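Chemist: here you go, sequence then predicted model.
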Amino acid sequence: MLNQSVLLLNQNYEPLSVCNVKKAVILLYLGKAEMIETNHGLIRSVSRTMPIPSVIRLIHYIRAPRKRIVLNRKNLLIRDNYTCQYCGRRTYPLTIDHVIPKQFGGKDTWENLVVACLACNNKKANRTPEQAGMRLIKKPQKPNHFFYFQHFIGVKDEKWKPYLFLD
C-alpha cells in the first residue's frame with residue numbers, strides 16, 4: 001500500500017514527478033503539500049487517520065529542471081506509436097529513417113528521425129521525402145514535458161488524467 005504511485009504536482013498544477021504513498025504522506029504531514037485526489041483506503045496511525053493520496057500539490061512553487069527524454073530507438077518508436085510515418089502501417093520490422101539523409105547534412109535529432117517500415121525506408125532510400133515522392137504523416141518533433149508523463153511514466157490512476165491533459 002505504501003508503494004503505490006502518487007502524482008506530484010507543482011503549485012501551479014504542472015506535473016512534477018511520481019512518488020510513492022510514503023513520500024506523499026510525509027509531504028502532507030510536514031505541510032509542504034495538499035491532497036487533491038484520494039485513493040480507496042485509509043492510512044491509520046495512533047492519533048490520525050488519512051485517506052490514501054492519489055494526487056498531491058506542493059504548497060510553494062519550485063523550479064524543477066525538465067525531464068530530458070533521451071533520443072534512442074525505443075523512445076522514437078514510442079513517439080511515433082510504432083507506426084510507419086510514411087504509409088501509416090504497423091508492420092515489422094520497423095526501422096529508423098533520417099528525413100534529410102546524413103549525406104545532405106541531416107543530423108541525428110528528434111526533428112530529423114522518424115520510424116519507417118522496411119518497404120518505405122527502401123523506397124525512400126538516400127533521398128529526401130520530396131525527392132522520393134513521399135509525404136510524412138506528421139512532422140517529427142521533440143517530445144515535450146507532458147508527453148514524458150503520458151507515455152513514459154503512464155497513467156497509473158484514472159484520477160491523474162485531468163492533470164496530464166488526457167481528458
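Modeler: Sure, I can see it.
Chemist: C-alpha only now, for contacts and for neighbours.
Modeler: Will do.
Chemist: what comes into contact with stretch 56-64?
Modeler: Contacting residues not belonging to stretch 56-64 are listed as 6-13, 16, 24, 31-37 [CA atoms under 8 Å, 6 or more residues apart in numbering].
Chemist: center of the protein - which residue?
Modeler: Ranked by distance to the mean C-alpha position of the chain (CA atoms, centre = their mean), the top residue is Tyr148 at 2.0 Å.
Chemist: taking the contacts of stretch 56-64 one by one, which sit in strands?
Modeler: Within these, membership in strands is found for Val6, Leu7, Leu8, Leu9, Leu16, Ala33, Glu34, Met35, Ile36, Glu37, as judged by DSSP state E.
Chemist: for Tyr77, report the pLDDT, please.
Modeler: Wrong residue type there; residue 77 is Leu, not Tyr. pLDDT, the model's per-residue confidence, is 92 for Leu77.
Chemist: wait, is it part of a strand?
Modeler: No - Leu77 sits outside any strand when classified using DSSP: H, G, I helix; E, B strand; the rest coil, being helix.
Chemist: which residue sits closest to it, ignoring its sequence neighbours?
Modeler: Nearest residue to Leu77 in three dimensions, chain neighbours excluded: Val115, at 6.4 Å (CA to CA, 6 or more residues apart in numbering).
Chemist: partners of the one you found in the sheet?
Modeler: Under DSSP bridges, the beta-bridge partners of Val115 are Ile96.
Chemist: hang on, it packs against Ile78?
Modeler: No - counting by CA atoms under 8 Å, no contact exists between Val115 and Ile78, whose distance comes to 9.6 Å.
Chemist: looking at the two, which one has more neighbours?
Modeler: More crowded of Val115 and Ile78, by other CA atoms under 10 Å: Val115, with 26 against 13.
Chemist: pLDDT averaged over stretch 31-42 - what is it?
Modeler: For stretch 31-42, the mean pLDDT works out to 92.
Chemist: what lies in contact with that stretch?
Modeler: Counting by CA under 8 Å, 6+ apart, stretch 31-42 makes contact with 27-28, 49-60, 159, all of which sit outside it.
Chemist: would you map the strands across this protein?
Modeler: For the chain, the strands defined by DSSP E cover 5-9, 15-20, 33-44, 49-58, 94-98, 113-117.
Chemist: residue contacts, Val6?
Modeler: When contacts are counted by CA under 8 Å, 6+ apart, Val6 touches Val18, Cys19, Asn20, Val21, Ala24, Pro53, Ser54, Val55, Ile56.
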